[in-house]
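1. Generate a structure from the sequence data that follows.
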Amino acid sequence: MKYIDLFAGAGGLSEGFLREGFEPIAHVEMNSDACFTIKTRMAYDFLRKEQKLCIYKAYLKGEISRQELYAKIPNELLHTVINTEISDKTIGGVFETIDSLLNDNEVDLIIGGPPCQAYSVAGRARKTKEGKMEGDIRNYLFEHYAEFLKQYEPKIFVFENVPGLLSAGEGKYLEEMFKKFTSLGYKVNINLKEAKNRKKAQIFDTSNYGALQKRERVIVVGYKEGLNFDFDLKKIINPEKANVKDDLLADLPKIKQNEHKLVAYYEKEATEYQNKSILRDESFDFTTQHIARPHNEQDLEIYKIAIDLWINHKKRLNYATLPERLKTHKNQKAFLNRFQVVNPFGITHTVVAHIACDGHYYIYPDLENPRSISVREAARIQSFPDNYFFEGSRTSIFKQIGNAVPPIFAQQIAKTIKSLFKTQQNDEQFTESERLPECATI
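-> Numbering: from 1, shown residues only. Here you go, the predicted model:
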């Protein structure tokens, strides 16, 4: 099945579909660093199939430039990444570019989710230049998404977003969205009347599908009327959960705050979880971007307190209980959990884009070397493969990772859709085979 990825980000959602054999026609993304990340991942996929991974490894080690890497990749492949904002002004040009890439093929599937800040509970609390989030034009990006459905008429679409989508604008955005999708001839997997009931809505916690973090997402799957689709990820057997510190991070070399290991050689054999979930490739004896940000002495002292509480007492740090000399925030009634340790005993908390601003919410659980988690550790918590290289500055990379859909979760979505689509095709073939003998008799 061929697909278009809208608001593609760093390619986390697309990575899951690629693993299940789906073929991308185009990725559309406004952030240039994220576009380069997708292109570099394309370079990996192409060179792996060509059995030329030595070229990709040379790039990861800094032995060749990105320009030299891309020179080894067909231009027509790189041009499938469209670096532009989706808006009224640009959408026509995006259609023209995609049309030139189709080569008479049909679009089977459209995936993606508009930026979630407009629907998130935290986002609604902030003000924008237009006023409150109610005036944010991002609330209506689903209308541009619908324009792609109208233009290409895919059999199926996947619209991913935060649970706040269900309640944003007291449900008016979801209602308008569903009306738009219905008017284009699609049914969806969520009952609008039940959407406000979290127990009945299609809200999925990625920790139940292989990712080692609690991350809730709403998945709206639309399908053309006439297709027999009963999409529900909750029917999938949950993958085995694993221990964060022992299974996920322990094989990476120990680093201190402000230490950069652009090439990090493994210190332990891969665990079963690492092989299955983050695809620690045996042909690579190293990973990249094991980069830790710098911290001042005051923050490091707070980190030690937070780590000690969590490791030795299974308690989280309450900011209000810190010694007065360590407090820099006047607000001691809200955001008291602003310093949190990555859980070394199981599922950790959600990695969000704010990790690009500071690492206080993502402290590595090591009393000897207090620091926030590295770029590679954040990518692992999001289930990105170790050979997945992110382009841009450290801040840009953290933001890409924080905004991404965990690839292992995306793969479960893709697997479910593939299975349902195969069932649909088999049903159609069965119906046809039942008709043929009858016609032959006549």
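
2. how about low-confidence regions in the stretch 51-200 of the chain?
-> 116-139, 169-171, 194-200 (pLDDT under 70).

3. And the helices in it?
-> For the stretch 51-200 of the chain, the helices defined by DSSP state H, counting those that start in this stretch cover 53-60, 66-70, 75-78, 91-102, 121-124, 141-152, 172-183.

4. Next: the stretch 201-350 of the chain.
-> For the stretch 201-350 of the chain, the helices defined by DSSP H, counting those that start in this stretch occupy 272-277, 297-313.

5. Give me the helices and strands touching the first one, please.
-> Packing partners of helix 272-277 (3 or more C-beta pairs under 8 Å, 6 or more residues apart in numbering; DSSP states H and E): none among the helices and strands. Bear in mind the C-beta positions are built from the backbone N, C-alpha and C, glycine included.

6. Give me the distance between that helix and the centre of its chain.
-> Helix 272-277 sits 18 Å away from the centroid of its parent chain (C-alpha atoms, centre = their mean, to the nearest Å).

7. just checking, residue 31 touches residue 8?
-> No - with contact defined as C-beta atoms under 8 Å, residue 31 does not reach residue 8; the gap is 9.2 Å.

8. neighbour count winner among the two?
-> Each of residue 31 and residue 8 has its neighbours counted (other C-beta atoms under 10 Å); residue 8 has more, 26 against 19.

9. still on that earlier bit, the helices of the stretch 201-350 of the chain: which one's closest to residue 263?
-> Ranking the helices of the stretch 201-350 of the chain by proximity to residue 263 (C-beta to C-beta) places helix 272-277 first, at 18.1 Å.

10. pLDDT on that closest one, on average?
-> Helix 272-277 comes out with an average pLDDT of 84.

11. where exactly do the strands run in this structure?
-> 2-6, 23-29, 81-83, 109-112, 127-128, 131-132, 156-161, 186-188, 203-205, 216-224, 260-265, 286-291 (DSSP state E).

12. any chance of the ones you listed in CSV, plus mean neighbour count?
-> Shown next, in CSV, are those (neighbours: other C-beta atoms under 10 Å):
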stretch, mean neighbour count
strand 2-6, 24
strand 23-29, 22
strand 81-83, 20
strand 109-112, 26
strand 127-128, 12
strand 131-132, 10
strand 156-161, 24
strand 186-188, 19
strand 203-205, 19
strand 216-224, 22
strand 260-265, 15
strand 286-291, 22
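
13. Distance to residue 359 added to those strands, as JSON lines?
-> Below are these laid out as JSON lines (distance: least, C-beta to C-beta, whole Å):
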{"stretch": "strand 2-6", "distance to residue 359": "29"}
{"stretch": "strand 23-29", "distance to residue 359": "25"}
{"stretch": "strand 81-83", "distance to residue 359": "29"}
{"stretch": "strand 109-112", "distance to residue 359": "28"}
{"stretch": "strand 127-128", "distance to residue 359": "26"}
{"stretch": "strand 131-132", "distance to residue 359": "29"}
{"stretch": "strand 156-161", "distance to residue 359": "26"}
{"stretch": "strand 186-188", "distance to residue 359": "38"}
{"stretch": "strand 203-205", "distance to residue 359": "24"}
{"stretch": "strand 216-224", "distance to residue 359": "22"}
{"stretch": "strand 260-265", "distance to residue 359": "15"}
{"stretch": "strand 286-291", "distance to residue 359": "11"}
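
14. closest to residue 342 out of those?
-> Here strand 286-291 is closest among the strands of the chain (C-beta to C-beta), at 14.9 Å.

15. which helices and strands sit right next to that closest one?
-> Judged by 3+ C-beta pairs under 8 Å, 6+ apart, the packing partners of strand 286-291 are strand 260-265, helix 375-381.

16. run the last query once more with 10 Å
-> Applying 3 or more C-beta pairs under 10 Å, 6 or more residues apart in numbering; DSSP states H and E, we find strand 286-291 packed against helix 53-60, strand 260-265, helix 375-381, helix 394-403.

17. Let's have the ones you listed in a markdown table, adding distance to residue 155.
-> Below are the helices and strands packed on strand 286-291 laid out as a markdown table (distance: least, C-beta to C-beta, whole Å):
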| stretch | distance to residue 155 |
| --- | --- |
| helix 53-60 | 34 |
| strand 260-265 | 43 |
| helix 375-381 | 32 |
| helix 394-403 | 27 |
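
18. Could you work out which of the ones you listed reaches nearest to residue 301?
-> Of all the helices and strands packed on strand 286-291, helix 375-381 sits nearest to residue 301, with 21.6 Å by C-beta to C-beta.

19. Tell me, domain by domain, which residues of the protein belong where.
-> 2-232+408-428, 244-402 (automatic domain parsing).

20. so how far is the last one off the chain centroid?
-> Relative to the mean C-alpha coordinate of its chain, domain 244-402 is positioned 18 Å out (C-alpha atoms, centre = their mean).

21. Distance across it, terminal residue to terminal residue?
-> End-to-end distance for domain 244-402: 18 Å, by C-alpha to C-alpha, to the nearest Å.

22. Same question for stretch 270-283.
-> 12 Å.

23. shared neighbours, residue 31 and residue 8?
-> Residues touching both residue 31 and residue 8 (C-beta atoms under 10 Å, 6 or more residues apart in numbering): residue 37.

24. Could I get the contacting residues of residue 396?
-> 10, 31, 32, 33, 34, 36, 37, 356, 390.

25. What separation is there between it and residue 37?
-> Residue 396 sits 9 Å away from residue 37, going by C-beta to C-beta, to the nearest Å.

26. thought residue 8 was touching residue 82?
-> Yes - the criterion here is C-beta atoms under 10 Å, and residue 8 meets it with residue 82 at 8.9 Å.

27. okay, and the common contacts of these two?
-> Overlap of the contact sets of residue 8 and residue 82 (by C-beta under 10 Å, 6+ apart) consists of 26, 27, 28, 29, 30, 35.

28. Surely the second one touches residue 17?
-> No - in this structure residue 27 lies outside contact range of residue 17 using C-beta under 10 Å: 11.1 Å.

29. re earlier: to residue 247, which of the helices and strands packed on strand 286-291 lies closest?
-> Between residue 247 and these, the shortest gap by C-beta to C-beta is with helix 375-381, which sits at 10.2 Å.

30. The closest one packs against which elements?
-> Under the contact criterion of 3+ C-beta pairs under 10 Å, 6+ apart, helix 375-381 touches strand 260-265, strand 286-291, helix 394-403.
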